[in-house]
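Participant: Need coordinates for the following:
(one chain, ligands or ions: 1)
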Amino acid sequence: MYKPHKDSMPMPASSPAASLRACASAPESEPATAPAIAVRQVLKTFAGKHEVKALEAVDLTVAPHEFVSILGPSGCGKSTLLRIVAGLTPYQGGEVQVNQRPVKGPSPEIGVVFQSSNMLPWLTVADNMALGAKLRGLDMQVLHPKLEQLTETLGLKGFEKHHPHQLSGGMRQRAAIGQILALDPQILLMDEPFGALDALTRDRLNVELLRIWQTLRQTVLLVTHSIAEAVFLSDRVIVMSGRPGRVVQEIQIDLPRPRQPEEIKSDPRYGEYIAELSALMGVFNDRH
Ligand SMILES: Nc1ncnc2c1ncn2[C@@H]1O[C@H](COP(=O)(O)OP(=O)(O)OP(=O)(O)O)[C@@H](O)[C@H]1O
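Facilitator: Okay, here's the model as predicted:
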């Protein structure tokens, strides 16, 4: 059975919802362990001449080691929500906790990857990847082997001495992810990390991201526009309404792990999840 979020819109008539496992909203779906991320009734309005109500009573929890994606129409507040969880944007109402502590600003527990990499053009790939960790005063004896391992894992071996402009877009994003992983964050927040890349590169990087996550198992909250990406990567997909953004649906993705693209794409449930989410996104895009 499929349970909509408490504020959800009605399901489209064609929905194959019955085939999907339920994922109820809080408090029913409260994970047994304390959540790594808890967003409760968060409100966000951007003040100014043209005030924008971006988020309205957003509720969301992410369990430790869970991979959760957020889908929603353009402008519904996905990035704003991610920045609030990262402690980069203040909010007016509600509460945000990470590891059961209120978020009061950026924290070393949280790594954030944005759509365009933050690499400094005058530094090499190796120096860029080490930069954040060095600024944080991490011991080079520990950092060095970790960076070597990350360079290998991210397929950047042989490019350590290159500068960002000498890399492809996909390699730059991988290096940017390496920059964040070098800091060992427990929680990874990603805002369309592969959004600027072509579809093939994006698919390949998704497989790599999953491989890395299957080893490191951070808690991940990913903002994406790609339904296929969300289904392939996630344990759970959250759908937001148009602005002001609210969580309107949560779908548990019951596909086996580890996931390989060929196996997953031939699983009938994969197609059902895609159809379900496409129908939902159609509803909210139409009403946006
Ligand atoms: N700094 C800001 N000042 C004023 N308004 C803002 C600011 N940042 C975002 N907004 C507005 O808040 C709303 C939500 O923006 P946000 O970028 O979070 O949406 P989004 O869902 O991530 O969009 P997209 O999918 O297009 O990236 C938008 O209407 C946007 O114009």
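
Participant: which SS state does the nearest residue to residue 91 once chain neighbours are set aside fall under?
Facilitator: Distance criterion C-beta to C-beta, 6 or more residues apart in numbering; nearest residue to residue 91, sequence neighbours excluded, is residue 44 at 4.6 Å. For the C-beta atoms, the positions are set from N, CA and C on the backbone; glycine is no exception. Classification of residue 44 using DSSP: H, G, I helix; E, B strand; the rest coil returns strand.

Participant: Tell me what residue 44 is bridged to.
Facilitator: Beta-bridge partners recorded for residue 44 (DSSP bridges): residue 55.

Participant: What about it, how many residues nearby?
Facilitator: Using other C-beta atoms under 10 Å, the number of residues around residue 44 comes to 23.

Participant: again, but for residue 280
Facilitator: Quick note: residue 280 (other C-beta under 10 Å) scores 26 neighbours.

Participant: How confident was the prediction at it?
Facilitator: With respect to pLDDT, residue 280 scores 91.

Participant: wait, isn't it in contact with residue 239?
Facilitator: Yes - assessed by C-beta atoms under 8 Å, residue 280 is found in contact with residue 239 at 5.3 Å.

Participant: Secondary structure class of the residue of the stretch 151-288 of the chain found nearest the ligand, three-state.
Facilitator: The nearest approach of the stretch 151-288 of the chain to the ligand comes at residue 243, 5.5 Å away (C-beta to the nearest ligand atom). At residue 243, secondary structure determined by three-state DSSP is coil.

Participant: residues touching it, list them.
Facilitator: 52, 53, 54, 73, 75, 76, 77, 288 (C-beta atoms under 8 Å, 6 or more residues apart in numbering).

Participant: got it, and residue 224?
Facilitator: 69, 70, 71, 192, 195, 230.

Participant: got the phi/psi numbers for the fifth one?
Facilitator: Which is residue 195. The phi/psi pair for residue 195 (degrees, to the nearest 10) reads phi -60, psi -30.

Participant: List of residues touching the helix or strand residue 232 falls within?
Facilitator: Using DSSP states H and E, residue 232 maps to helix 227-233. Residues outside helix 227-233 that contact it (C-beta under 8 Å, 6+ apart) are 67, 69, 71, 194, 202, 206, 209-210, 213, 222, 224, 237, 253, 255, 259, 261, 264, 270, 273-274, 277-278, 281.

Participant: Make a ChimeraX selection of the buried ones in those.
Facilitator: The buried residues among the contacts of helix 227-233 can be selected in ChimeraX (16 or more other C-beta atoms under 10 Å) with this line:
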select :67,69,71,194,202,206,209,210,213,222,224,237,253,259,264,270,273,274,277,281
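
Participant: quick one: which of the contacts of helix 227-233 sit in helices?
Facilitator: Using DSSP state H, the subset of the contacts of helix 227-233 located in helices is 202, 206, 209-210, 213, 261, 264, 270, 273-274, 277-278, 281.

Participant: filter those by proximity to the ligand?
Facilitator: Among the ones in helices among the contacts of helix 227-233, no residue lies close to the ligand (C-beta under 6 Å from any ligand atom).

Participant: quick revisit: pick out the lowest-pLDDT one from the contacts of residue 224.
Facilitator: The member of these with the lowest pLDDT is residue 195, and it reads 84.
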